[in-house]
Structures are given as structure tokens and as C-alpha cells.
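# just need the structure, nothing else, for what follows:
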Amino acid sequence: MGSSTSLPKANTTFSLALFNKLSDDNKTANIFFSPFSISSAMAMVMLGARGNTAIQMSETLKFQDCQDDVHTSFGQLLSRLKTPGASIGLSVANRLYGEKSYTFKEDFLKQSRMHYSAELESVDFKNMCEQSRVKINSWMEKQTKGKIKDVLAKGTVNELTSLVLVNAIYFKGDWSAKFSSSDSRHARFEVNKTDTKPVMMMHKTTYFPLAFIPEVNCQVIKPAVILSQAVFLPVYIFLEKQLTYETFVEWTHPNRMKNTEVDVRLPRFKMEETYDLENVLTSMGMVDAFDVGVSWALCFLGDGCRSGPRRWERRVSFFASAATASAAATAAVASSSSSSGPPSPRSVAATAAAQAGQ
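Residues are numbered from 1 along each chain as shown. All right, here's what the predicted structure looks like:
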């Protein structure tokens, strides 16, 4: 086993690994996702994972070398993610929706409450699956201040669904140096060496922490929403393979950043992305969790029902202008292919929507 690590390091390492994988799958596409929403929702699922499935999930999420218990660390991290000031709003919410006719393991419910503040709400999946789906979507929409809607599409849950685990994140904060709408200008955004696109560019000339990374011919700037934010500006090269936890920490270290007067131009944008997370996570090593032939036994249910995560749904929305607001939601649905059979894996979808500017 390697040297011990912290949960933030594990989450960052997973984030960059997922970013690399999505980049490999499509080298020219925009990529937008919330790694913390994925990690925290999957960590809740790990409370019930056993054997090789738990090992694979831990290794894929980069938890295997955490010096402390992962769930205890998540609980401590979630408790620290409180609003640090009046200009920032940050909330993270988790919830369980369980089929009302099932009895869930008390230890699983206890650990979910203790570490993730996730309470169980009973719903009638067997007889009112569509109404239950709408109820879950409404909760996530409320938690994300209306930014995230319809995470669970029709057909995602059915009469065989036993449990849905959901995570919702909402953030809103001001830029440390605000962009004025009156300073936005029409400009050409350079997609690559030869292609450009017309955009409305937000503009600000002021002092920001700035660093130049000569080994990859890249600038790093922190236009800094009050919480940490870094923008990498490469000169027509792909950074994905060079971005590791170690290089990320090195390139954004305060000692390397110099407060410099910079003419910053950031495009106002809107984008929507959809990912098949089942294929992505399987290729990253989480195989047994989606293998119909493996009884990975989440142990959610008191009767030992073999019910596994049939579908993962993610939708992310990001808004930024004079103030920034972002939201993310993740839902894991546990179902069986029959009333008594093993889980039936389906496609795993992740949808991300992003918008910046007014």
C-alpha cells in the first residue's frame, strides 16, 4: 500500500482521472461535471458495498490510501462546507428514498445519517413509481434553487426500484473583482490554432494572482470567486495528460502566483453535456458494480435482497456573471431485474448544463 492520503487529495485525484478519461473519449468536446457530487453520492453507496465490489469502488474513487475512514472524513468535510461569508452561499444535501414495503438495514441508515446527514423517506415505488420520481426530482430542484430539474428521467425508476440515493449541491458567490455587464464585448474565441467562434466576452482589467508554467506553455490565473478557483490558459496544447494532483498543487501554489495587472476576458457561455457513466466507471475499474452476474450485495435491505445500482443519473448546471452560481445533482438508483433476481445494470447517464454571463 502506498503512503496515506487525505480525502480532499483523493477527491482531486479522482476528479483529474475522470477528466482524463472523458477527454480520451472525446478530445474536442467541452467537459463539465461535478466530481464532488459524484464522489459523495458513490461514497454513500459504498456504505452497502462488500467484497471485491467495495475494493473496486474504493480504488476507482481513489479512496484506498486514505489515512482515515472515508465516511468519517466525508462527514467532517461536509460539516466544514458551511457559508464562510455573506457573499457566498454553499449547501450540500443528501437524501435516501426507499420503497415503503422494505425494511432497510439499521446500520446502513445510521451511517448515512451520521456521515452524510441523509435521512430516509419512504415512497411507494411499487404502485406509484412515477409520482415518486417526480417527488425526488422536486426535492433536488428545491435544493439547487431551481437550477437542476428532472435529474431522473421517465423510466429511470419503476416498480422494482428499492432505493434511490441523491446528492445535491448549490453554490453562489461573488467574484473577488466583479465583472460588469457593461464591459462585455463581442469577440472571437479561439477554439484551436485555426478555428474561432463568436462569443460575448466578459472583460476586466485588474490585479489577479498569475503564474506562467513554462514546461507546458500555460498561464494559470485565479480570478477567484471567494473560494478557490483556478483558470488554466494553455497555448494550443492539451493539458490533460500533464494534470495530476501533484502538478495541479505545484502550478497553483501561492508561492508561484504573483499579483499582476491582467486584462482578463472570459466568455459568456452555455453548454450541455451528457456522459454514459456506466461505461466510464467500468473502464476505470468499477466492474462488479454493474455486472449482472455478480452478487455484490449492497446490503441495503434487511432481508439481504440482491439489489444493486441499476442507473446513475447526473445533471449539473453552472451559471457565472457578475456573481456566480452553480448547482449539481447526482442520483443512484438501486433496482432488481425481477422481484427476486439480481440487479439488472442499465446505461449510466450524466448530463451537464453550463451557462456563464447574463
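# determine the longest strand present in this structure.
For the chain, the longest strand by residue count, based on DSSP state E, is strand 196-213.
# partners of the following helix or strand past it in the sheet?
Note on strand 196-213: by DSSP states H and E, the next helix or strand toward the C-terminus is strand 218-221. Paired with strand 218-221 in the same sheet, following DSSP bridges, are strand 196-213 (antiparallel), strand 231-234 (antiparallel).
# residue 164: which of the ones you listed is closest?
Ranking the strands paired with strand 218-221 by proximity to residue 164 (CB to CB) places strand 231-234 first, at 35.5 Å. C-betas here are computed from N, CA, C, even on glycine.
# mind listing what's buried along that closest one?
By neighbour count with 16 or more other CB atoms under 10 Å, strand 231-234 contains no buried residues.
# neighbouring contacts of that strand?
With CB atoms under 8 Å, 6 or more residues apart in numbering as the test, strand 231-234 has contacts from 216, 217, 218, 219, 220, 221, 222, 223, 239, 251, 266.
# hmm, 6 Å instead?
218, 219, 220, 221 (CB atoms under 6 Å, 6 or more residues apart in numbering).
# what's the answer for stretch 69-84, then?
Stretch 69-84 has contacts (CB under 6 Å, 6+ apart) with 7, 43, 63, 89, 90, 92, 115.
# please pick the buried ones from these.
Buried members of the contacts of stretch 69-84, counted by 16+ other CB under 10 Å: 7, 43, 63, 92, 115.
# ok, of those residues, which one's closest to residue 161?
residue 43 (20.8 Å).
# where does the closest one land in three-state SS?
Here residue 43 is helix, with the state taken from DSSP: H, G, I helix; E, B strand; the rest coil.
# quickly list what residue 330 is bridged to.
Bridge pairing for residue 330 - DSSP bridges - gives residue 167, residue 314.
# got a list of what it touches?
Counting by CB under 6 Å, 6+ apart, residue 330 touches 37, 38, 41, 167, 314.
# and it, how far is that from residue 121?
The gap separating residue 330 from residue 121 is 17 Å, by CB to CB, to the nearest Å.
# what of residue 95?
Distance, residue 95 to residue 121, using CB to CB: 6 Å.
# which one's more surrounded, those two?
Using other CB atoms under 10 Å as the criterion, residue 95 and residue 121 rank with residue 95 on top: 22 against 15.
# then that one would be within a strand, right?
Yes: counting by three-state DSSP, residue 95 is found in a strand.
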